[in-house]
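Peer 1: sequence first, then the predicted structure:
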Protein chains: 4
Amino acid sequence: MLGFRLDLGRSRVCLAKKGLFEREVKVEGHLIDSLILSRIYDRIIELGGDFETLEVRLGKHKSDTSFVRMLVKGSSVENLGDILEEIHALGAVSIEAADAVLVAAPADMVFPDDFYSTTNSPTQVFFGGEWLDVEDTMMDKVIVVDPVGKRAFCRPIREVRKGDLIVVGESGVVVRPPERSRESTGIFKFMSSGSSSEKPAPAVIRQIAVDLFNVKRAGGKIAVVAGPAVVHTGAAGSLACLIREGYVDVLLSGNALAVHDVEADVLKTSLGIRLSEGVADVRGCRNHIVAINEVYKAGSLGVAVEKGVLKSGIIFECVKKGVPFVLAGSIRDDGPLPDVVTDVVVAQQEYKKHLKDVTMVLMLASTLHAIAVGNMLPSTVKLVCVDINPASVTKLLDRGSTQAVGVVSDIGTLLPLLAEEIGKLDDCR
Amino acid sequence: MLGFRLDLGRSRVCLAKKGLFEREVKVEGHLIDSLILSRIYDRIIELGGDFETLEVRLGKHKSDTSFVRMLVKGSSVENLGDILEEIHALGAVSIEAADAVLVAAPADMVFPDDFYSTTNSPTQVFFGGEWLDVEDTMMDKVIVVDPVGKRAFCRPIREVRKGDLIVVGESGVVVRPPERSRESTGIFKFMSSGSSSEKPAPAVIRQIAVDLFNVKRAGGKIAVVAGPAVVHTGAAGSLACLIREGYVDVLLSGNALAVHDVEADVLKTSLGIRLSEGVADVRGCRNHIVAINEVYKAGSLGVAVEKGVLKSGIIFECVKKGVPFVLAGSIRDDGPLPDVVTDVVVAQQEYKKHLKDVTMVLMLASTLHAIAVGNMLPSTVKLVCVDINPASVTKLLDRGSTQAVGVVSDIGTLLPLLAEEIGKLDDCR
Amino acid sequence: MLGFRLDLGRSRVCLAKKGLFEREVKVEGHLIDSLILSRIYDRIIELGGDFETLEVRLGKHKSDTSFVRMLVKGSSVENLGDILEEIHALGAVSIEAADAVLVAAPADMVFPDDFYSTTNSPTQVFFGGEWLDVEDTMMDKVIVVDPVGKRAFCRPIREVRKGDLIVVGESGVVVRPPERSRESTGIFKFMSSGSSSEKPAPAVIRQIAVDLFNVKRAGGKIAVVAGPAVVHTGAAGSLACLIREGYVDVLLSGNALAVHDVEADVLKTSLGIRLSEGVADVRGCRNHIVAINEVYKAGSLGVAVEKGVLKSGIIFECVKKGVPFVLAGSIRDDGPLPDVVTDVVVAQQEYKKHLKDVTMVLMLASTLHAIAVGNMLPSTVKLVCVDINPASVTKLLDRGSTQAVGVVSDIGTLLPLLAEEIGKLDDCR
Amino acid sequence: MLGFRLDLGRSRVCLAKKGLFEREVKVEGHLIDSLILSRIYDRIIELGGDFETLEVRLGKHKSDTSFVRMLVKGSSVENLGDILEEIHALGAVSIEAADAVLVAAPADMVFPDDFYSTTNSPTQVFFGGEWLDVEDTMMDKVIVVDPVGKRAFCRPIREVRKGDLIVVGESGVVVRPPERSRESTGIFKFMSSGSSSEKPAPAVIRQIAVDLFNVKRAGGKIAVVAGPAVVHTGAAGSLACLIREGYVDVLLSGNALAVHDVEADVLKTSLGIRLSEGVADVRGCRNHIVAINEVYKAGSLGVAVEKGVLKSGIIFECVKKGVPFVLAGSIRDDGPLPDVVTDVVVAQQEYKKHLKDVTMVLMLASTLHAIAVGNMLPSTVKLVCVDINPASVTKLLDRGSTQAVGVVSDIGTLLPLLAEEIGKLDDCR
């Protein structure tokens, strides 16, 4: 009926040669340097398989890529299929290029059973004789192919419609894990080993500043995800400064950040604590509710800025500068403010829209919204996560990419020093 | 026009005697034992005021209440007003009973400026010559009085309608902080000093079991708030057992708990980790998406149980036993499942509905949903919070009540031992 | 034989009136404000006892002390004894003054069985018709009375010699828990509620600076306890600056701080990480061993400064300024340096000697040595503890005193800002 | 004079070919699988060098080792020397075998300047025409060669004597990093990715039990490092059981474990908390001092067991079973007990003596003593570390070996379940 293969069975079954359960695969790239070959060998052995190296071309120089051809062996058709699927996610593909197998979604919001589940790495599907880049790469989604427009998209379950052509099995799909950035500078260079609370703080801060500066100079896009601790710890002014200076292209957050930002401007407190002195304000518990009420009286945060109710702070600078912000609702919200997107599915769509083409993300003392953003990011986006809780940082960095670094520090003391460093770089420009 | 006082000014101004800025107040209860008198004195002094003790009647025996009458002095009308508001939240009221001052809400979702902001302690308002109990006590809300029905309600901003009569100032409002429970047994008795990771685990577990047992024997209602770590750590079977045995009256959670509970039943993994062996499953990352797909194929969790797709686990037992569960959406959700309430304002209402008349709440390795529930609970509800992260426990216990205890432990090892202890008590019955 | 009572039995037995198991006690001070009365009532009830309030004189003004006389009742002689011992530690004493009961130590390093175990609060013993102040107050020690010199001392077990006269039971001993400081300013005023990672950092830092400044202006003594993270995080220069400016009277630490301080000066790295850039140095793992070797070559840290091997840093400033430092050994030490006191009992004595008459202690990212110091401090000494790990801070603050505050922050970013704030105060002088 | 080369200069200088700054090296082993080749390439590039692959022999099968020969290029003599030293620690050695360069220690406790600093991996030195295994491998020490006995030893600075022949530079030294264990079972197999608090607890516990069981069945030696939380959390009985059943060959700990173990036996409390009920005991703060006093009265822990003062618990089982225990002193100790080794340098020697030939180490809720042990262990020893604080676990696992796994759990609930699992295995025997 349509001009491409449709297959309802498990695509993996047909891959094994009869009786032998083996298959020739190849893998290319900075194999040694990026640990990819190690992981492939590891996974084969862990799954009880075996391999034979058929051909090796190691790069002679650091700029060369390597090429390995190997015969992968399983103990059964099933086992070989399992192994091939696992090493496929690491970039190992069959020697013969085969079209991706597509199966139509049986109903709205229902995948075919053997759906291919995406990684967050750049991915291509072979279809109609050519390689299509999968757009909007995200983790744990499916690939929908548009056979007419010759395009492929990453799609979450709620956006799948009956009849959408969904990739099943791993045939015809290639994943290209990002290689260790050789040219990168700044924080991503020296923090390749993840996060630490015992690195020299001045050096760490300078490197982040350099990265932000370079991204903007190169015309890149920076997203900031921030939690209310930015306001509680007295660092709202520093973030406001980064916005004003043009270092923030979109702000992704929740209700609390905006509420306490308003509270800080209107009542000079955050959660009832007077910011200039650190003491509890009289009737302080009531202050954030007063802040919410002021916004409801105005109608929205934008109108509150217009009317002069809001005269400074993070949201104020966003409005003045035209920097978009998305406030996603959560069940623990007080209010929430009229600007909050209370339906989480809609909020996810808004977040995704604004994360499109982002170059670098700065996560500041945020957990819920930071995890949400982490799930939406391809592994090629640079990510710096700052939190005083090492567990929060670790959770966010489990992304298998050297593009992500964690900084365990106090946002209240780090952010002012970061704003200062960026100021110095600006002056040198 | 209406049969009660309407006042648009600051109610506090009229409270001070001319020139003297002082006012006689009284406070009754287990003043010494519950630390209330200490806090009142503290706050007066911190705010720069002074006091004179006029009359003291300390209880002679432990069952007697105490009574203190004192003259509170401020440095100005404003200062005296501040002090009175602060000590009012601690139960200190003016000698002369005065009607609460009510002001009509100027618009939908807008409070009058001097609104009274609630605590989570039992509260009464004096209106039309009698004391009305405020219903649905929650923190940081306003009190709406129904002058015809003679009732008073705690209301969040989004439920306020134009013309609702809202209490302003603190006149005519009495807060009754819960007194230290003298009769309580179990965990609440011996853990009066908050949480610890270095208490004898067997004793702690036995006490929680006794509390759960006694609450049920007395016809009380138990709510459980649980996070997905319950499934990841292999403790889903133990929670399922508590549900089956009748120890859970409502389950409040989010998308992830249900997703991984389904994954554990259908695929025997949680986040791709095989539960029986702890090793990563082949294509394991894909498993929770498969679980979501299975539920979408059935249509809902309830139908999945009916159709036999789901054969065991937490949700299975809830459905079989008729125990209601509410799954509140969050922006980090995969899917989310069709059963998830994606609008957080609606989810809050659902949670609140099910928390009505709850006697005891058990929070298990949950943060987001546990904080949401904490915000909705009056200080009289017993609360036990178990988490391996001390910071999560501390955050949840900042409620100024001895009804709440925290247990820093591993849910994966604690929950099986708890289920066992409850089994022993059941056998003795 | 000697001019005072010797008693080998349990002193408590004789306190109860025959058949009634009750006893009249009194307590004086800022009873309500300091929560002492609450704790006394609490403990009596928890132990199954009862009480009758006989006389109450509450202070009329905030500067007045209160007085309560009460009849304490137990269920048996033993029970009454237990209750009296417990409330005794809270300051409740028998109406009739009785001499402390002394028993000679039966052997070197052995206490008599019913020894009185000290709290860290100021304590007096009634002996020979007068009240003796117990010197060198520390937690969990015994009191040795010198009947000739009319003095009383707090002594650890290893310093007790056969025949030392040791207080047993609680008779004749009065504890005076410190009252909530009403006049205090700075960090101790606004942080009465313990620690937090979400306070406004600039305000917190300013307050600590004010406290340090005021202590020095008043001629007080400041001890600093610091861990190696001060060097790792790049903050050694800031601490060196505080020493140079006269804000440190003694430095108490361990081997690692000194090793990495030398490494930072000689090799410009800390644990092999280049401090100016944050990157791992070539052969970096070896650097701290090189630092240790350099000190061994010189002979000691002091000689290394003299010879010009050491030209800057924390230890350099101590040596130059004549500020004493004690480096206590621990089993995890590399080296350790020749200056380290390797016997921990000797190190404890050295620490104690230098903590004598200290007014304020600053603990910076230290755990082992900070806990050691915490155990040696009376509850009247001001204590500020800074650490990025909330658990470390909590552990140190469990001292039952409002003289201690915790700051959860990053020492690498906080210390430079603190040094800057103190500089500003110095300039204003 | 002596029959081997003596060289006082920097040995690295002579390694570079004139003008070219390059050198041929080789590396053998499971290069890909163990990530070693990746790390070598990485480090060369990070240091600004380059490389040319001359020969590659990748193992065809999983049991084959690989061989790579490459030309390493530096930008200068210094740079090439730096690179060679760094990759040397990863196992890359010069093609031509050269004798190790030895320099005599100039004084007691002083190293020659260019000393070779050890890793914790198995190491050999080429001397007198043969390869000597370095004995007592530990991190951050030097290698002392005995030219007569033809032996090489790892030695800390305090044990170096004037004239000891110490290896300098990296010439003639080969490091053999442990390869990923292919045959290992139990916990080390499935936890290759480090630690987690969200693994299925029953599976984790079963695997540890299997490892302990297999080590003992194979005649291996097990060391346990335990902190006082084992007693506080009520798990002392479970550890005592493991000792009784023969699963502990040596116990390494500090004063507090023994003190509270005695307290638990004699007074039934730990830090004053009654273990059976979890409530604070009357005069509870005093109990651990009473425990210390009881031991001083007996003279030592061993005598206390003999005299029947001590009738159960961890120390009791050690004494009865003849299992040696070493209690290392620390500055925060109360007492310390007469059995405590108060000089930390002596304690290190004792620990090292008992760790000789150990097969597996179990670290239970210990930090100080666990870090000390970690520093002494070669990377070939299996290590399981259990703690409720993820930071403690991480700190201990930074050892670059797949022989170490961390378990984030509550020792109070995990240890009883572990003892139970081992009991099951014993029954099957």
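Peer 2: Thanks, I have it.

Peer 1: now the residue most central in space within chain A: how far from chain B?
Peer 2: Residue closest to the mean C-alpha point of chain A, counted by Cα atoms, centre = their mean, is A:Leu377 at 2.2 Å. In this structure, A:Leu377 and chain B are 13 Å apart, going by Cβ to the nearest Cβ, to the nearest Å. Every C-beta, even on glycine, is put in place using the N, C-alpha and C of the backbone.

Peer 1: give the residue spans of chain A that score low on pLDDT.
Peer 2: Within chain A, the segments meeting pLDDT under 70 span A:1-20, A:30, A:32-35, A:58-64, A:95-97, A:178-197, A:398-402, A:428-429.

Peer 1: now A:Val225, which residues is it bridged with?
Peer 2: The partner list for A:Val225 in beta bridges (DSSP bridges) reads A:Leu252, A:Met363.

Peer 1: burial count for it?
Peer 2: Applying other Cβ atoms under 10 Å in any protein chain shown, we find 29 other residues in the vicinity of A:Val225.

Peer 1: contacting residues around the residue nearest to the centre of chain A?
Peer 2: A:Asn120, A:Met138, A:Leu355, A:Val358, A:Val361, A:Leu383, A:Arg399 (Cβ atoms under 8 Å, 6 or more residues apart in numbering or on different chains).

Peer 1: can you classify A:Val145 as helix, strand or coil?
Peer 2: Three-state assignment for A:Val145 (DSSP: H, G, I helix; E, B strand; the rest coil): strand.

Peer 1: thinking again about what came up before, which among the contacts of A:Leu377 gets closest to chain D?
Peer 2: For the contacts of A:Leu377, the closest approach to chain D (Cβ to the nearest Cβ) belongs to A:Arg399, at 13.7 Å.

Peer 1: A:Asn287 is in what secondary structure piece?
Peer 2: Using DSSP states H and E, A:Asn287 sits within helix A:287-298.

Peer 1: which parts of the stretch 101-250 of chain A are strands?
Peer 2: In chain order, the stretch 101-250 of chain A shows strands spanning A:101-104, A:123-127, A:130-135, A:142-146, A:151-155, A:165-168, A:173-175, A:222-226, A:250-254, with DSSP state E, counting those that start in this stretch as the criterion.

Peer 1: list the contacts for the residue lying closest to A:Gly220 once chain neighbours are set aside?
Peer 2: Using Cβ to Cβ, 6 or more residues apart in numbering or on different chains and skipping the chain neighbours, the partner closest in space to A:Gly220 is A:Thr359 (3.3 Å). Taking Cβ under 8 Å, 6+ apart as the contact definition, A:Thr359 lies against A:Val215, A:Ala218, A:Gly220, A:Lys221, A:Ile222, A:Val381, A:Lys382.

Peer 1: how far away is A:Thr359 from A:Gln349?
Peer 2: 21 Å (Cβ to Cβ, to the nearest Å).

Peer 1: settle this for me: A:Leu415 is touching A:Val230, isn't it.
Peer 2: Yes. A:Leu415 is within contact range of A:Val230, at 6.9 Å (criterion: Cβ atoms under 8 Å).

Peer 1: thinking again about what came up before, quick check on the contacts of A:Leu377: which are buried?
Peer 2: Buried positions within the contacts of A:Leu377, assessed by neighbour count (16 or more other Cβ atoms under 10 Å in any protein chain shown), are A:Asn120, A:Met138, A:Leu355, A:Val358, A:Val361, A:Leu383, A:Arg399.

Peer 1: so stretch A:234-250, near chain B or not?
Peer 2: No. With Cβ under 8 Å from any Cβ of the partner chain as the criterion, chain B is not reached by stretch A:234-250; the gap is at least 15.1 Å.

Peer 1: from the chain's centroid, how far away is that stretch?
Peer 2: With Cα atoms, centre = their mean, to the nearest Å as the basis, the distance from the averaged C-alpha position of stretch A:234-250 to the chain average is 21 Å.

Peer 1: also stretch A:115-133?
Peer 2: On Cα atoms, centre = their mean, the centre of stretch A:115-133 falls 19 Å from the chain's centre.

Peer 1: straight-line length of it, end to end?
Peer 2: From its first residue to its last, stretch A:115-133 covers 18 Å (Cα to Cα, to the nearest Å).

Peer 1: residues of that stretch that come out buried?
Peer 2: Of the residues in stretch A:115-133, those with enough neighbours to count as buried (16+ other Cβ under 10 Å) are A:115-127, A:132.

Peer 1: equivalent analysis for stretch A:160-179, please.
Peer 2: So stretch A:160-179, judged by 16+ other Cβ under 10 Å, has buried residues A:160, A:164-175, A:177-178.

Peer 1: ok, those vs C:Ser300, which is closest?
Peer 2: Relative to C:Ser300, the closest of those is A:Pro178; by Cβ to Cβ it sits at 51.7 Å.

Peer 1: show me where the stretch 1-150 of chain A has helices.
Peer 2: Ranges of helices in the stretch 1-150 of chain A, per DSSP state H, counting those that start in this stretch, are A:36-46, A:77-88.

Peer 1: list the contacts of A:Asp249.
Peer 2: By Cβ under 8 Å, 6+ apart, A:Asp249 lies in contact with A:Lys221, A:Ile222, A:Ala223, A:Val323, A:Val358.

Peer 1: ok, now A:Phe21?
Peer 2: By Cβ under 8 Å, 6+ apart, the residues touching A:Phe21 are A:Lys73, A:Gly74, A:Ser75, A:Ser76, A:Val77, A:Asn79, A:Leu80.

Peer 1: kindly recompute the last result at 6 Å.
Peer 2: Under the criterion of Cβ atoms under 6 Å, 6 or more residues apart in numbering or on different chains, the contact list for A:Phe21 reads A:Gly74, A:Ser76, A:Leu80.

Peer 1: point out the residues in chain A that sit beside chain C.
Peer 2: Residues of chain A that fall close to chain C, judged by Cβ under 6 Å from any Cβ of the partner chain: A:190, A:197-204, A:229, A:232-234, A:275, A:277-279, A:388, A:409-410, A:412-414, A:417.

Peer 1: to C:Ile331, which of the helices of the stretch 1-150 of chain A lies closest?
Peer 2: Distance to C:Ile331, taken as Cβ to Cβ, is lowest for helix A:36-46 among the helices of the stretch 1-150 of chain A, at 36.7 Å.

Peer 1: which helices and strands does that closest one pack with?
Peer 2: Using 3 or more Cβ pairs under 6 Å, 6 or more residues apart in numbering or on different chains; DSSP states H and E as the contact definition, the elements that helix A:36-46 packs against are helix A:77-88.

Peer 1: sorry, back to before: quick one: which two of the buried residues of stretch A:115-133 are the most distant?
Peer 2: In these, two members sit farther apart than any others by Cβ to Cβ. They are A:Asn120 and A:Phe127, at 21.2 Å.

Peer 1: for the residue of the stretch 251-400 of chain A found nearest chain C, give its distance to chain B.
Peer 2: Chain C sits closest to A:Gly278 of the stretch 251-400 of chain A, with a gap of 3.5 Å, by Cβ to the nearest Cβ. If you measure A:Gly278 against chain B using Cβ to the nearest Cβ, the figure is 13 Å.

Peer 1: so that residue sits against C:Ala203, correct?
Peer 2: Yes. A:Gly278 is in contact with C:Ala203 according to Cβ atoms under 6 Å; the separation is 3.5 Å.

Peer 1: right, I'll leave it there.
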